[in-house]
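Colleague: everything below, folded, please.
(3 chains)
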Amino acid sequence: METFEEFVKRILTILFWFLLISPLIIFPVLFLIVPLLGIDVTLVNEILTATIDPFKAIKLADRYGVGPSSTFFKVAAFPGFTFAALIATLTILYERKLMAKAQLRVGPLYAGRFEGILQPIADLFKLLGKELVVPEKADKTFFWAAPILSLGLGAALLTVIPLSPTTYIARSEFSLLIPFAIIGFSPLVVLIAAWASSNKFAFIGGLRALHQLAAYEIPMLLSILGIVVLTGSFDLMEIVEAQKDMWFIFPQFLAAIIFYITILSELERVPFDLPEAETEIVSGWLTEYTGMHFGLLQLGVYVKFYVLALLFTLLFLGGWNGPAFLPPLAWLLIKLFFVITMIIFPRAVLPRLRIDQLIRIGWAWLIALSFINLFIAVIESSLGVI
Amino acid sequence: MPSNLDTENQLVKSLTDQFKNKIKTEYVKHNRIKISTNQDNLKSLATSVKELGFEQVISHGGTDYPDNNVFRIEYHIICVSKKKLRSIMFSIMTEISKDTPEIETLIDIFPSAEFHEQETYENFGITFIGHPRMEKLLLPEDWDDIPPLRKDYTLPGRG
Amino acid sequence: MQNSAMNIEDKGGDQLVLHVGPQHPGSGHFRIIVTVDGDYIVGAKPDPGYVHRGAEKMAEYRDYIQNIPHLERPVIIDATGVTLPYVLTAEKIIDVEAPERANYIRMIMAELNRIISHLYWLGIYGIFLGHSTMFMWPMGDRELFIDLAESIGGTRVTFSYVVPGGVRNDMPTNFKERALKTFDYFEKRIEEYKKIFFNNPLMSARTEGIGTLDKKDAIRLGITGSNLRACGIDSDTRKDEPYCLYDNVDFEIPTRKEGDSYARCIVRLEELQQSMNIIKQVLDLIEPGPIKQVIGGVMRGEPGEAFVRTEAARGTMFYHIVSDGEKNPYRVKISVPSFRNLIGMTHLLVGSRLADMPAIYWSLDYWPVEADR
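Modeller: Below is the predicted model:
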């Protein structure tokens, strides 16, 4: 065993030689080998300065077609994946604080000095530092695929949803249908994760998720049909524009309630968190996932959370419409915050339902109600309410 | 405490009338009755006690007496539904030889004794004939020492 | 290794064998092996013993005083509930009697412990149904009662407060006003509990008609405590065979006829109120006086035996002590309520849904450490 002094000495020696040798390698590579390959040395300098100067970084990115106005930036940063992931992590923090206040606790408090604002980053490093445990009898390919698929699915949902008249990744005439088509794949991801774990509790959780999602996808689709009837369009842009005078939550109140309930179910939130009911089936389909695997699955779920909350805002709360003293995006985010609160809140006041009760609500009540809602929409449309 | 032993004496009398000298009244106190019998009559005694209205085994256990080479087995039986009998705890007791630690189970009369008898089995090595699960309940499954509540088992380090 | 529980294999077909516990968020230190067919449980086999410490054997190696903290360990959540019957039994063997004031203080402690234990149960029941707020609230309010008990007993949970001949020390002079203040606050909280949990339609959908225990079955299987009272039998040892001075106070025994999980919840909620009523009455009745009958030298019992039952938080606690005149007891038999309620769990689980398992399991207030001893 080496003593502590020896340990420190060893580390310092390594650091010293690294600092000594690395310039000897890096600078020749920068100024001798890079020009030989035909790359301009000034570019290398620009890259190095761009790492500390954001304005230069934007300029540089613009030059290579990845600047703020490029498609790549839209997909990767704003309003695409990075923005969604940021909202998702903030949602996790907000959920923890809100739950804590409802339960007379303080919640995350220490990370970041102010009310635990840096807790998501601390959680990220905790998850990154954990060992990825893959069960011996798991189906390795699918076990690794599930977290990536989950996140990919969440990211794919972002493509056609606009955040304001000017902020969007891609425009489509069917931007209302595309997200719902993609959401239809999410039971598949759950089933892959559950099956690949080869764990009985995960298996039961996967089956529950499948039953649950099958029971709720139909009322979810039927509830938005009313809006399509009223506007005659599948384009989210046009749907939001149609709400300039009146938000659709007033003529389509029933649809809003059905959509809200199905969001809770789709996101496996209390009272519909059966696939992860921890006192019954440990953690359901997430049982065997550890470390960053678990992190990616959770992130995928919370990106889906963001997208569904956004859809509710766009469909029923008038999207970015609002008085002109605030930019459209700000109105959208304010409404989004309200919807996210509404989705989180049942967790503080409700217990969990049982699978048979849940399926009865889905198939017997919500589908019937959404047909009634469709009738209401047809009548309203013929009376010319909108 | 000044007490009236009418109910207790009445209960004991009805049993002594039935069993004559097959049973022995150990004592009758306020709210406590203890009757001992031999191994063969335990089951019929238990049936009669149940007919008197006592319906739950609140406790069942054994005690090891190495000097006499016997285990003493007791069932403490209470009544919960009849107001008059609620205050009384009825104990029936028998002694079985340590050489043949076997006795008939009472769980067909008192189902509530099921886990208690299983516990007595693992702690004393007494087999209850007719009990459906004569297996370890609380002890580790690989316990192969002598049953721990016998007096010849001593705690390690306690001599 | 001969492992009887492990012999159960998957039966093939549609049936699946699940080992719920001992490492399961909904099991405690305890395993229950359930066979499910679809969503229904077709077989349930409890496998206790993971926290078995041989308390009965170890008690034979300790004298009457040393046994108090020792026998407290299985049920620290209801510490007075488990030591009080032991001390009452030991008092019969040693032949001492506690003075009046000591008996009243014992009652206060026993009832405080009942509240503490019931609130703990309520918190866990909330989280077992997925209601996380109902986990946090009772756990927080429980601290107030722990503070009250600490002001008498000196520690938070393991008081070792009741001793043969009386109690260890007197209660503080300002106890009455502190207690009344806490009760005033908690009575308001009970209304809030009802609003958020007991009158919640989803909560009743999960528990009403679930795990219904028939009155006859309850008697036959030896169910005890609140579970028995939820089946419509008003049996309570505090009334049936009053110990301490419970015949001086006036209280009700809450009962329900339904016998389902919801009835068991409501009975426990009402018992909280009754316990507070008892303490209030005792605080009016209690008068200054000696708190302990001092026993000189080592406590030795006469050869003989004694058995005592009391009403602990989970049901009737029974002690049987045999003495041979030595300073250590010859045999200590403890019959704990959780162990007797275990048989009811098997009975109720078979035929119910897997999702109802936590709702049934914890509505019986089964405490694995207590059952294993």
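
Colleague: tell me the contacts of whichever residue of the stretch 151-300 of chain A sits closest to chain B?
Modeller: Nearest to chain B, among the residues of the stretch 151-300 of chain A, is residue A:200, at 22.1 Å (Cβ to the nearest Cβ). Backbone N, C-alpha and C define where each C-beta goes, glycine included. If a contact means Cβ atoms under 8 Å, 6 or more residues apart in numbering or on different chains, then residue A:200 has C:16, C:18 as its contacts.

Colleague: same question for residue A:283.
Modeller: Residue A:283 touches A:201, A:205, A:276, counting by Cβ under 8 Å, 6+ apart.

Colleague: circling back: return the per-residue confidence for the residue of the stretch 151-300 of chain A closest to chain B.
Modeller: For residue A:200, the model assigns a pLDDT of 82.

Colleague: residue C:45 in helix, strand or coil?
Modeller: strand (DSSP: H, G, I helix; E, B strand; the rest coil).

Colleague: one more: residue A:95?
Modeller: helix.

Colleague: test my guess that it contacts residue A:344.
Modeller: Yes: using Cβ atoms under 8 Å, residue A:95 is in contact with residue A:344, at 4.9 Å.

Colleague: which residues sit against stretch A:76-87?
Modeller: A:68, A:74-75, A:154-155, A:158, A:163, A:167-169, A:299, A:303, A:306-307, A:336.

Colleague: who are the contact partners of residue A:363?
Modeller: With Cβ under 8 Å, 6+ apart, residue A:363 has these contacts: residue A:215.

Colleague: quick check: it is in a helix.
Modeller: Yes: applying three-state DSSP, one finds residue A:363 inside a helix.

Colleague: can you give me the helices in the stretch 251-386 of chain A?
Modeller: For the stretch 251-386 of chain A, the helices defined by DSSP state H, counting those that start in this stretch occupy A:253-266, A:278-281, A:291-316, A:328-344, A:346-349, A:355-360, A:367-383.

Colleague: and the next helix or strand past the longest helix along chain C?
Modeller: Across chain C, the helix with the greatest residue count (assigned by DSSP state H) is helix C:100-128. The element immediately downstream of helix C:100-128 (helix or strand, assigned by DSSP states H and E) is helix C:132-153.

Colleague: right, and the helix or strand after that next one?
Modeller: strand C:162-163.

Colleague: how about chain B: which residue is closest to chain A?
Modeller: Counting by Cβ to the nearest Cβ, chain B gets nearest chain A through residue B:141, at 22.1 Å.

Colleague: return the most buried member of the helices of the stretch 251-386 of chain A.
Modeller: With neighbours taken as mean count of other Cβ atoms under 10 Å in any protein chain shown, the helices of the stretch 251-386 of chain A reach their highest mean count in helix A:278-281, at a mean of 25.

Colleague: what's the average pLDDT for that one?
Modeller: 74.

Colleague: how about the contacts made by whatever residue of chain B ends up closest to chain C?
Modeller: Residue of chain B nearest chain C, by Cβ to the nearest Cβ: residue B:112 (2.6 Å). Residue B:112 makes contacts with B:56-57, C:220-222, C:340, C:343, as judged by Cβ under 8 Å, 6+ apart.

Colleague: pretty sure residue C:105 contacts residue C:168?
Modeller: No: checked against Cβ under 8 Å, the pair residue C:105 and residue C:168 is beyond contact range at 9.7 Å.

Colleague: more neighbours, these two?
Modeller: residue C:105 (27 against 17; other Cβ atoms under 10 Å in any protein chain shown).

Colleague: could I get the helices of the stretch 251-386 of chain A as TSV with distance to residue C:182?
Modeller: Compiled in TSV, the helices of the stretch 251-386 of chain A are given as follows (distance: least, Cβ to Cβ, whole Å):
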stretch	distance to residue C:182
helix A:253-266	38
helix A:278-281	30
helix A:291-316	41
helix A:328-344	32
helix A:346-349	25
helix A:355-360	38
helix A:367-383	47
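
Colleague: please name the nearest non-neighbouring residue to residue C:149.
Modeller: The spatial neighbour of residue C:149 that comes closest, neighbours along the chain excluded (Cβ to Cβ, 6 or more residues apart in numbering or on different chains), is residue C:112 at 4.7 Å.

Colleague: count the neighbours of the one you found for me.
Modeller: 24.

Colleague: could you do the one 4 residues further on as well?
Modeller: Burial of residue C:116, expressed as a neighbour count using other Cβ under 10 Å, amounts to 26.

Colleague: since that was my last question, I'll sign off now.
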